[in-house]
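Trainee: quick check, what structure comes out for this input:
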Amino acid sequence: MNTSPLQPVAIRIPAFWKRTAVLALLIFAGHGASLPSGFFHDDHVHIAHLKNGGWHPGDFVQASLLGTDVLMVRYWWLQYETRWHPLRPLTLAIMKVEHTLCGYRAWPMHAFSLVWHVANAVLVMLLAWRFLGDAFWATAAGGVFALHPGHFETVQWVMAQTELTGAFFLLLATLCYANFSGWPRGGGLPETDAAGSYQWLIGACAGYAAALGCRESALVLPAALFVLDCLWGRRIGRRQWVGYACLVLVAAVYLLLASRALGGTFQQGRPHIVPPDDPEFLRFIYTKALLYFLAVFVYVPALQIPVGVWLESHLVFGTLLVIAAAAAAWVHFFPAMCERRGAWAWLLWPAVFLAPLLPVFAASHHLYTPLAGWAVLLAAALMLGGRKSDKRRRISLVVLGIAVVGFTVGCNIAGYYLREQMNAEHALISSVARHRGRIKAGDHLAFVDMPLLACTANATIERELGLEPGSTTMHCLTVRPLSAGPDQAGRLTPVEERALRVEAAGPAYFSGPEGTALLEVGGWRRMFGEGQRFEPNELFDVVVLQADRSGVQALRFDFHPSLSREGLFVFRCSYDGSAELLGFDGQNMGRRPAP
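Mentor: Have a look, this model is predicted:
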């Protein structure tokens, strides 16, 4: 079979399934370790919604809700309401079907995530094949997309199926539109391919509507298709304008329905979105742009903790780093863009999909759809660079091999970090669940040195305790610094009968990049000062006893009326996340064993 990039090459059915199997094996090598993992973070909230809700569309709208006081642990330093209500009913409906089939077990849900990821890698392969006309390099595009380290969170966290399903329908819509608009195959001239029937436009609109039901960021698809039409496809004519009009109509209907479903407003604020009138808006989106550029082209995981926080305090160095990376990327990709004008479209694809997300909190899963364009661009650069000589082709193959191996290792390393966070949360849940029968509805649970990402474990803890969701109130007194070692648990000292002194034994509380992120989530731009007092609720007040620019060394929690009050349970978490229940008798403190 001739695989010259100048001639369109059909992927025959047997070869298609072989290439799909290769992509599946690559994905299993990079993400298969996630199968034994459990549920994590926002999973608990959505599972509670889906279990308690029915099959009415309104139930799936409600299941998208995150971040209320009922659904998450309360942090005493928060200045904002933490409510976050995106509209993702189709994804939640799909996940309810999956959960129903799986009996709400975790490992089959992780298997579904892997299947969605395989499907998306195949769609990227098909897009790359249409653009490149080379089955091998199209498969390479699907492979590097499947293994990019930025996908570890999206593939290995069940709730990130919102990204997986949204990308699936979005890529499907793009392929349908490619047939409708008549984008050239295999790098031929635009005139070599006739435009398809209007049935392809119906398919594109249906895929677009489905993508919007999974992820609101899919709204920008018409802009991405316009860029692809300009740089890859035919000249924009009447057919294309009809296509845009239909897609815009779909978007308008979605916005109308979303407005009604959400009570007439899309207003969201901190800590989830930085609004334009915020004094830090420009600095925030500039930092996000640097972070996402590094994540896409330099393979730095796009985590606000700690990379994003580090960039905020080193903007000049970060800017220089991005300029250097951009120059290297330009040298790498420029030859491809000179030979294929359409390559510019795949360079702009990440920018189109990431631009609306710049005011939103940083997360690796935001990169999922944008990286489809990066994968096609990388495969084009390697393929076209290898055409110049046999030596160049061997170099391209070596680079591809290094990328596949390196990305596989990167996925497993990043996945290990994520599973460590999961294990800490699981240990916390199982430790508290041992006190089933002792903790009752209406009680307060307070945690010292709580794992960083256990803030939405309420629903699962209450289910394990045999209680209804929202029947208890959970408070985080301190968050354990990620850099704290096994023997550096906070020191607790009862003060009289009503106060508890908590002193950091290792790194200070709110120290390091993760501490800075916790402050910013709460709306604080600087460290707390000594003597600063907070009155967050009727249960306790907080006084900062010792603090400096690096963090808080000691805090005092004044409980009302006392530490030994009925219905108050104070837990101290250990290095692995497990929690022990403490008992107080005057100024004496001891461990209360499980019943």
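Trainee: what is the neighbour count of residue 36?
Mentor: 10 (other Cβ atoms under 10 Å). (Each C-beta comes from the backbone N, C-alpha and C, glycine too.)
Trainee: try the one 4 residues further on
Mentor: Residues near residue 40, counting by other Cβ under 10 Å, number 25.
Trainee: and for residue 497?
Mentor: Residues near residue 497, counting by other Cβ under 10 Å, number 15.
Trainee: now it. Its backbone dihedrals?
Mentor: With angles defined as degrees, to the nearest 10, residue 497 sits at phi -110, psi -10.
Trainee: what separates it from residue 99, distance-wise?
Mentor: Using Cβ to Cβ, to the nearest Å, we find residue 497 at a distance of 46 Å from residue 99.
Trainee: check contacts around residue 461.
Mentor: 428-429, 432-433, 445, 472, 474 (Cβ atoms under 8 Å, 6 or more residues apart in numbering).
Trainee: state the helix or strand in which it lies.
Mentor: Element membership for residue 461, per DSSP states H and E: helix 458-464.
Trainee: got the CA coordinates for that helix in PDB?
Mentor: Extracted in PDB, the C-alpha atoms of helix 458-464 (Å, rounded to 0.1, in the frame of the first residue of the first chain):
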ATOM      1  CA  ASN A 458     -19.200  14.500  52.900                       C
ATOM      2  CA  ALA A 459     -21.700  12.500  50.900                       C
ATOM      3  CA  THR A 460     -19.700   9.300  51.000                       C
ATOM      4  CA  ILE A 461     -18.800   9.700  54.600                       C
ATOM      5  CA  GLU A 462     -22.500  10.200  55.500                       C
ATOM      6  CA  ARG A 463     -23.500   7.200  53.400                       C
ATOM      7  CA  GLU A 464     -20.900   5.000  55.100                       C
END
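Trainee: what ranges does the stretch 51-200 of the chain have for its strands?
Mentor: Using DSSP state E, counting those that start in this stretch, the strands of the stretch 51-200 of the chain run over 74-75.
Trainee: tell me where the stretch 451-595 of the chain has strands.
Mentor: Counting by DSSP E, counting those that start in this stretch, the strands of the stretch 451-595 of the chain are 473-476, 491-495, 499-503, 533-534, 540-548, 551-559, 568-573, 579-585, 588-591.
Trainee: would TSV of those strands with mean neighbour count be doable?
Mentor: Listed next are the strands of the stretch 451-595 of the chain as TSV, based on neighbours: other Cβ atoms under 10 Å:
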stretch	mean neighbour count
strand 473-476	21
strand 491-495	15
strand 499-503	19
strand 533-534	12
strand 540-548	17
strand 551-559	21
strand 568-573	22
strand 579-585	18
strand 588-591	10
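Trainee: where among these is average confidence lowest?
Mentor: Of all these, the minimum mean pLDDT falls on strand 588-591 (a mean of 68).
Trainee: quick one, longest helix in the chain?
Mentor: helix 390-433 (DSSP state H).
Trainee: next SSE after that one?
Mentor: In N-to-C order, the element after helix 390-433 by DSSP H and E is strand 444-448.
Trainee: list the contacts for residue 77?
Mentor: If you count contacts by Cβ under 8 Å, 6+ apart, then residue 77 has 518-519, 522, 524, 528, 534, 536 around it.
Trainee: cool, residue 428 as well?
Mentor: 447, 450-451, 454, 457, 461, 573, 577-579.
Trainee: turn those into TSV, columns for distance to residue 120.
Mentor: Shown next, in TSV, are the contacts of residue 428 (distance: Cβ to Cβ, whole Å):
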residue	distance to residue 120
447	38
450	35
451	31
454	30
457	29
461	34
573	37
577	32
578	37
579	38
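Trainee: list only buried entries from these.
Mentor: For the contacts of residue 428, a neighbour count by 16 or more other Cβ atoms under 10 Å gives the buried set as 447, 450-451, 454, 457, 461, 573, 577-579.
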